[in-house]
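A.B. asks: Generate a structure from the sequence data that follows.
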Amino acid sequence: AVVTTWVRVAPGAAVAEVSTWKAEGSLQLAAASQLQCVKLYTADVFGNLCVSGGALVQARLTAHLKSSRVNELAKKFESPGGQAGLGSQAPVLVVDNLDGSYSASFRAPSAGEWRLGLLCNGAGVPP
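C.D. replies: Have a look, this model is predicted:
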């Protein structure tokens, strides 16, 4: 006779390429200094949603276009490297929700074009 048993298989480690994120509201219509939030849902290499936290998740909000208005207003905001204007970064708070998802919140300090980038375990998460 064949003896069987149940085996529980959990999702593997989070992989950026199959993880997804979505905004809470419209990022395209955000106002300067308005709190914006996005939620990252991590998944393993097979696309199984992760059910626990612990991944290294980072986020960056960077001034994007060569706009005199962005550069002028960004001079009031110093990036971590001490450079202002194009390439200036605004702080992004990332919270591990301990269920495989991560919340990122930020406020663009000035009007203009900003680029949001998310990293999971060192690799970029596609928008």
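A.B. asks: Could you pull out the buried residues of the helix or strand where Val94 lies?
C.D. replies: Using DSSP states H and E, Val94 sits in strand 92-96. Applying a neighbour-count criterion of 16 or more other Cβ atoms under 10 Å, one finds Val92, Val94, Asp96 buried in strand 92-96. Any C-beta I mention is one placed from the backbone N, CA and C, and that applies to glycine too.
A.B. asks: Point out where the protein drops to low pLDDT.
C.D. replies: In the predicted model, the chain carries pLDDT under 70 at residues 28, 65-87.
A.B. asks: what's the nearest residue to the residue most central in space within it if we skip its chain neighbours?
C.D. replies: Geometric centre of the chain, nearest residue: Leu118, 3.4 Å, by Cα atoms, centre = their mean. Closest residue in space to Leu118, ignoring its immediate chain neighbours: Val125 at 4.2 Å, by Cβ to Cβ, 6 or more residues apart in numbering.
A.B. asks: Tell me the spacing between that neighbour and Ala32.
C.D. replies: As judged by Cβ to Cβ, to the nearest Å, Val125 and Ala32 stand 25 Å apart.
A.B. asks: More neighbours: these two, which one.
C.D. replies: With neighbours defined as other Cβ atoms under 10 Å, Val125 and Ala32 compare such that Val125 has more, 23 against 12.
A.B. asks: which residues does the residue nearest to Leu118 contact?
C.D. replies: Val125 is in contact with Ala16, Glu17, Ser19, Thr20, Trp21, Leu40, Leu118, Leu119, counting by Cβ atoms under 8 Å, 6 or more residues apart in numbering.
A.B. asks: Identify the neighbouring strands of the strand holding Val94 in the sheet and state each direction.
C.D. replies: Using DSSP bridges, strand 92-96 pairs in its sheet with strand 101-106 (antiparallel).
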